[in-house]
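S.K.: any chance you could fold what I've pasted below:
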Amino acid sequence: MPIFKYYNNKLQGDGAPTDIHPSWLQKLGKKVWNTITTSRLVPRQSKELLDNREQYERFITAWEDVFDWENKIVRNSSCLFLHNINEILFQMKEHHQDIYDEIVPWIQKLPLNAYAPVEPWSGVVVNGNCATRAHRDVGDDKYCKVLVASDCTGGDLVFQELGLVFSARNGDSALFQSVSLTHYNLDFKGIRGSLVFHSDRAGSRWKEDSNGWKDNVFYA
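M.R.: Numbering: from 1, shown residues only. This next block holds a predicted model:
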């Protein structure tokens, strides 16, 4: 089987032959040429998911109703704090298309028509009893959304640049620009959990041209 070499170490198709299957190509490593792992060329399930398949299936089933109304919540604001489910349901996506239109496109173009259970987001992180350090999520696609599930005192959500502190009690939700706003939650007593909905920044390239492989005849 012939191997065709090209100099792209980011697993993107820029400069690659369009009439050759990617599995026949190699990329340059530190000292040697390596055959491309074609599964890495496209959006794929995380290693954590694959290593915990049963727990993942249970989690998706248990939170299905939450995900159903979660994908309706979008609002173009640097920081939005919603205090109860009635307010959340009011923020329907048809009234606030800005964020939804910005983050959803590459999720709608997953290989083999795969389904993202937390659409329009590409992923969700489960936090259990975490008091986070001040940080920005530079890998996010601009926004994230935090849904609090807790029985605690303290644990307030802080946005440093804005000088804002929110109580973030059980059922409260915050949608904000996680890339540009430094945020963290304070110490607490009791039990504090949260779901953090986010989309990977790298997905924007997949939306544009399938990571540069769109013109390859084997990706058609």
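S.K.: residue 116 reaches residue 106, doesn't it?
M.R.: No. The pair formed by residue 116 and residue 106 falls short of the contact definition of Cβ atoms under 8 Å, at 9.7 Å. Any C-beta I mention is one placed from the backbone N, CA and C, and that applies to glycine too.
S.K.: more neighbours, these two?
M.R.: Here residue 116 and residue 106 are set side by side on neighbour count (other Cβ atoms under 10 Å), and the busier one is residue 106, at 22 against 19.
S.K.: nearest residue to the residue sitting nearest the centre point of the chain other than its sequence neighbours?
M.R.: If you average the C-alpha coordinates of the chain and look for the closest C-alpha using Cα atoms, centre = their mean, you land on residue 199, 2.3 Å from that point. What sits nearest to residue 199 in space, not counting adjacent residues and going by Cβ to Cβ, 6 or more residues apart in numbering, is residue 141, at 3.9 Å.
S.K.: ok, that neighbour touching residue 200?
M.R.: Yes. With contact defined as Cβ under 8 Å, residue 141 counts as touching residue 200 (6.3 Å).
S.K.: what is in contact with the two at once?
M.R.: residue 122 (Cβ atoms under 8 Å, 6 or more residues apart in numbering).
S.K.: who's more crowded, those two?
M.R.: Between residue 141 and residue 200, counted using other Cβ under 10 Å, residue 141 has the larger neighbour count: 22 against 16.
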